[in-house]
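Participant: Predicted model, plus sequence, below.
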Amino acid sequence: MRNFGMTLSSLRRETGRSQREVATDLGISQALLSHYENNAREPKLDFVIKTCDYYSVTSDYILGRSDERNGDPSVNIDSLGALINELLELRSAEESIIEKLKQLTEHE
């Protein structure tokens, strides 16, 4: 299972950046970043938030609680699918009503 240090190190390597560059960008020393990456020190909440923003990931991802970097897209896809189905049902119902109205007006 991933932890904060592993994830922090992995994200930095993915971006091809050195500890010195990332530490400077995040406003900490290279030594402190190294401690975080090696799980020798635990970061404060404000650093976790800053790091999430820096790498555009969720706190659950950076803390190793989720494999989804930017939230759970399946929730949004499922919700969108359900909404589309509801709209299709409404459209079908509207078409049925319109057809019945046409039939009624044709007989008059």
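Facilitator: That came through fine.
Participant: Quick one: distance of the top helix by length along the chain to the chain centre.
Facilitator: Secondary structure assigned by DSSP state H gives helix 73-107 as the longest helix of the chain. With C-alpha atoms, centre = their mean, to the nearest Å as the basis, helix 73-107 stands 31 Å off its chain's centre.
Participant: Residue 56: what's it in contact with?
Facilitator: For residue 56, the set of contacting residues under the criterion of C-beta atoms under 8 Å, 6 or more residues apart in numbering consists of 69, 70. C-beta coordinates here come from the backbone N, C-alpha and C atoms, glycine included.
Participant: Got the confidence number for it?
Facilitator: Residue-level confidence at residue 56 comes out at 92, pLDDT.
Participant: same question, residue 80
Facilitator: The model reports residue 80 with a pLDDT of 67.
Participant: and the longest helix of the chain, what does it pack onto?
Facilitator: Here helix 73-107 touches no other helix or strand, going by 3 or more C-beta pairs under 8 Å, 6 or more residues apart in numbering; DSSP states H and E.
Participant: give me phi/psi at residue 28?
Facilitator: Main-chain dihedrals, residue 28, degrees, to the nearest 10: phi -130, psi 170.
Participant: Please apply the same query to residue 54.
Facilitator: The main-chain torsion angles of residue 54 are listed as degrees, to the nearest 10 and equal phi -60, psi -40.
Participant: how close does it sit to residue 99?
Facilitator: Per C-beta to C-beta, to the nearest Å, residue 54 is found 57 Å from residue 99.
Participant: same thing with residue 60?
Facilitator: Distance, residue 60 to residue 99, using C-beta to C-beta: 50 Å.
Participant: Compare these two (neighbour count), which wins?
Facilitator: The residue with more neighbours, out of residue 60 and residue 99 and counting by other C-beta atoms under 10 Å, is residue 60; that gives 15 against 10.
Participant: Okay, domains of the chain per the record?
Facilitator: Structural domains of the chain, as assigned by automatic domain parsing, span the residue ranges 4-62, 72-108.
Participant: Pick out the shakiest of these, pLDDT-wise.
Facilitator: For these, the stretch scoring lowest in mean pLDDT is domain 72-108; its value is a mean of 74.
Participant: residues touching residue 38, list them.
Facilitator: By C-beta under 8 Å, 6+ apart, the residues touching residue 38 are residue 5.
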